[in-house]
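K.L.:
sharing a model prediction with you, sequence too.
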Amino acid sequence: MTLARAELKRIIDSSRALAFNCHDIGSRIASDDDAGKLFNNKLLNNTLFIKSMERDERGPVSILKMRTLIYFPYDLSEVAAGGDSILFDDPGFLAALQHKIGLDSATSDDRANYAEDFEILKMVRSLPTFDPFLLKSKAQQLDLHDRIHPDYFDISESDWLKIRQPIRLKIQELVECAIGKTEQDTKSAAIQKYVLLFLEKIWEAKNIDGIEDFVASLEMSPERAPDLFFAWKAICYYQAEFASAQSDVQDFSNWLGDDAFVYPSNWVQLHPDEKSQFEASIEQLRARVSASYREIGSVLDDYEDSYRKFLEEGLPQDFKGFLSSADRKYIKLAANLSAHLHGVTIWNSMTKKFSDRLSYNKSNELIDTLSGLFGVQVTPLLTRQLAS
């Protein structure tokens, strides 16, 4: 199967979190810039990275996987016109990538540069989305931040600080509760210094030096603690993102659930086979969007309930349980919330450009793109050959 140009273009244009356009960002960085482009390898700097949600519902439990694809456009002036692509989780990924970027006949210097590039590639794969806050946080955790030009993060310092503040406050509340800080301690410089140490260690999520007892009290393994702290920070971030977007997400869900809007404007003129196919597609999409929304709510409700029990009732066990699998839960949260946020963007773009009630052809375009975002297809978006 092929991915239609229009469908690929909508993903690239509307979804920074799901489509990371290295070529476009790098083309705006001056050649004499000290930070330079993201990769040492020229061909890698002309790529796009795309995330896709794949869902396997053949078994008793729905399995969610975020897949990452590296896409090499044939024509850099029209990146959606087709290109070569490699999935990171394909067994032959490394061999295919090294052949594509010319490492088969590379010099020792080229191979040394590739080792640095590969650190960036591993980071790209490890993230569930390319959300700017998440990308910058992960780069800082891996000590790659200073090697990456700020344009790739696409987040201003003021926005970064604005996002950080409520997340740090939420973490600080729980840290103070966990170490038994009381109102009388607020003026104690020693206690304040202790809290700040904990907060910085959790925020950086690099190591647990100096907070070993706190990690043990949360029943975490020292090896997993940094990744669990990173996931905790990410969950706080996505909780705030979901709250600010909830109205738009609800409007999108209302439109999707209303036959008067979602069915094509030329419905009466369609062939019975076209009607049957459309009805099957829309019901699949509705079911998937509804299930995705419930998954977001499930993760956030579990987090908030366990957090409040710890903070207000002094009962830490549920929070410990939640935190023990936070690295998996944040990926589920990120994938589902990104699908909703970018589904809203694409829906708004098409309905404002054309009409709340689209023609059959436009409806199919929109439904196909949304189905790809929400992992509806049996053959997911990224497993298609990206070609013209």
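P.N.:
Perfect, I can see it now.

K.L.:
how close does the residue nearest to Gln141 when sequence neighbours are not counted get to Pro73?
P.N.:
Of all residues beyond its chain neighbours, the one nearest Gln141 is Ala205 (5.0 Å), with distances taken as Cβ to Cβ, 6 or more residues apart in numbering. For every residue, glycine as well, the C-beta is placed using N, CA and C. Separation of Ala205 from Pro73 (Cβ to Cβ, to the nearest Å): 34 Å.

K.L.:
longest helix in this structure, please.
P.N.:
Counting by DSSP state H, the longest helix found in the chain is helix 272-313.

K.L.:
remind me which residues of the stretch 101-250 of the chain are low pLDDT?
P.N.:
104-106, 180-191 (pLDDT under 70).

K.L.:
go again using 90 as the cut-off
P.N.:
101-115, 156-157, 159-203, 210-211, 213-214, 217-218 (pLDDT under 90).

K.L.:
in it, which spans are helices?
P.N.:
Ranges of helices within the stretch 101-250 of the chain are 108-126, 132-141, 150-153, 157-178, 189-204, 212-217, 225-257, based on DSSP state H, counting those that start in this stretch.

K.L.:
what strand or helix carries Ser52?
P.N.:
If you go by DSSP states H and E, Ser52 is part of strand 48-56.

K.L.:
and the helix or strand just after that strand, how far out from the chain middle?
P.N.:
As assigned by DSSP H and E, the chain's next helix or strand after strand 48-56 is strand 63-73. Relative to its parent chain, strand 63-73 has a centroid offset of 11 Å by Cα atoms, centre = their mean, to the nearest Å.

K.L.:
if you count neighbours, what's buried in strand 63-73?
P.N.:
Buried positions in strand 63-73, judged by neighbour count with 16 or more other Cβ atoms under 10 Å: 64, 66-73.

K.L.:
in its sheet, what does that strand sit against?
P.N.:
Strand 63-73 pairs in its sheet with strand 48-56 (antiparallel), strand 83-87 (antiparallel), by DSSP bridges.

K.L.:
mean pLDDT for these: which is lowest?
P.N.:
The minimum mean pLDDT among the strands paired with strand 63-73 belongs to strand 48-56 (a mean of 83).

K.L.:
list the buried residues in that one.
P.N.:
In strand 48-56, counting by 16+ other Cβ under 10 Å, buried: 48-55.

K.L.:
got the contact list for the residue nearest to the spatial centre of the chain?
P.N.:
By Cα atoms, centre = their mean, the chain has its centre lying nearest to Thr129, at 1.9 Å. By Cβ atoms under 8 Å, 6 or more residues apart in numbering, the residues touching Thr129 are 17-18, 51, 66, 334-335, 338.

K.L.:
out of the helices of the stretch 101-250 of the chain, deepest packed?
P.N.:
Highest mean neighbour count of those: helix 132-141, a mean of 21 (counted as mean count of other Cβ atoms under 10 Å).

K.L.:
between that helix and helix 108-126, how many degrees?
P.N.:
With axes from the mean of the first three to the mean of the last three Cα atoms, to 10 degrees as the basis, helix 132-141 and helix 108-126 are set at 130 degrees to each other.

K.L.:
next, the angle helix 189-204 makes with helix 132-141.
P.N.:
Using the same axes, to 10 degrees: helix 132-141 against helix 189-204 is 110 degrees.

K.L.:
now helix 132-141: how far from the chain's centre is it?
P.N.:
Here helix 132-141 is found 11 Å from its chain centre; the criterion is Cα atoms, centre = their mean.

K.L.:
wait, Pro222 touches Ile211, no?
P.N.:
No. Pro222 lies out of contact with Ile211 (Cβ atoms under 8 Å); the separation is 10.2 Å.

K.L.:
so which of these two has more stuff around it?
P.N.:
Ile211 (22 against 11; other Cβ atoms under 10 Å).

K.L.:
please name the nearest non-neighbouring residue to that one.
P.N.:
Lys201 (4.9 Å).
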